[in-house]
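test case, fold it:
(one chain, ligands or ions: 1)
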Amino acid sequence: MNIDAVMRLAPVIPVIVIDDAARARPLAEALVAAGHRALEVTLRTPAAFEAIAEMAKVEGAVVGAGTVLDEAQLDRAIAAGARFIVSPGLTERVGRAAIERGIAFLPGIATAADIMRGLDMGLDRFKFFPAVASGGIPALKALSAPFGMARFCPTGGITEATAPDWLALPSVVCVGGSWMTAPA
Ligand code: 3PG
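Numbers count the residues shown, from 1 in each chain. Have a look, this model is predicted:
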């Protein structure tokens, strides 16, 4: 599945920070049953790789790894069963590694230069991160104008209340957010 197909599975990609891998599978089952097939597990907790492996067993789930910062994490995430990779920014090294591995890849961008670096590498699907802190909807509208081919998944500071406003932008395919799986 390429990254565009992953982004089109549902309008919201839950960004999951999980401390207890034992909770991963039931959480994935609940999310998939609710229509959320693309699930991003952030590599911010020791339980993340095991959680990815558990969630990947759930029928219909397309599990990805988020907060991927280097090649070693990328390879470990793929080995655990991740089918897409999300990084907060776009470096040449992680970008090239994802392309070489042939894995769906959603790198973070926040500037025109970031997008141009991605286009140079053949990438045109991006996470706009951190979406609200980087200027919110006006910033993404302005950034989208010169890059008609690019599509975005804004993430960072988006809420259930504001998601529809982002999703109304023609350049936005889906949004990401941790609100749906808040620890509580
Ligand atoms: C991410 O890693 O994508 C962000 O931490 C998610 O941002 P949010 O917690 O504001 O939704």
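
switch to C-alpha atoms for all contacts and neighbour counts from now on
Fine.

so the residue nearest the centre of the chain is in which element?
Computing the C-alpha centroid of the chain and ranking residues by C-alpha atoms, centre = their mean puts V86 first, at 4.6 Å. Per DSSP states H and E, V86 falls inside strand 84-87.

what lies in contact with that strand?
Strand 84-87 has contacts (C-alpha atoms under 8 Å, 6 or more residues apart in numbering) with 3, 6, 40, 62-69, 74, 98, 103-108, 127.

contacts only, for A47.
Contacts of A47 by C-alpha under 8 Å, 6+ apart are I18, D19, D20, A21.

what are the pairing partners of the strand or helix carrying P14, and which direction each?
Assessed by DSSP H and E, P14 sits inside strand 12-16. Applying DSSP bridges, strand 12-16 is found paired with strand 38-42 (parallel), strand 175-177 (parallel).

redo those as a markdown table? Include mean pLDDT, distance to the ligand and mean neighbour count.
As requested, these are arranged in a markdown table below (pLDDT from 0 to 100; distance: least, C-alpha to the nearest ligand atom, whole Å; neighbours: other C-alpha atoms under 10 Å):
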| stretch | mean pLDDT | distance to the ligand | mean neighbour count |
| --- | --- | --- | --- |
| strand 38-42 | 98 | 7 | 27 |
| strand 175-177 | 98 | 3 | 25 |
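
could I get the ones you listed as CSV with distance to K57?
What follows is the strands paired with strand 12-16, written out as CSV (distance: least, C-alpha to C-alpha, whole Å):
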stretch, distance to K57
strand 38-42, 13
strand 175-177, 22
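
and V94, how many residues sit next to it?
22 (other C-alpha atoms under 10 Å).

so for it, what's the pLDDT?
Note for V94: predicted pLDDT of 98.

give me the distance between the strand or helix carrying it and the centre of its chain.
Using DSSP H and E, V94 falls within helix 92-101. Computed by C-alpha atoms, centre = their mean, to the nearest Å, the separation of helix 92-101 from the middle of its chain amounts to 16 Å.

what comes into contact with the next helix-or-strand element following it?
As assigned by DSSP H and E, the chain's next helix or strand after helix 92-101 is strand 104-109. With C-alpha under 8 Å, 6+ apart as the test, strand 104-109 has contacts from 1-3, 83-90, 95, 98-99, 115, 125-129.

no further questions, thank you.
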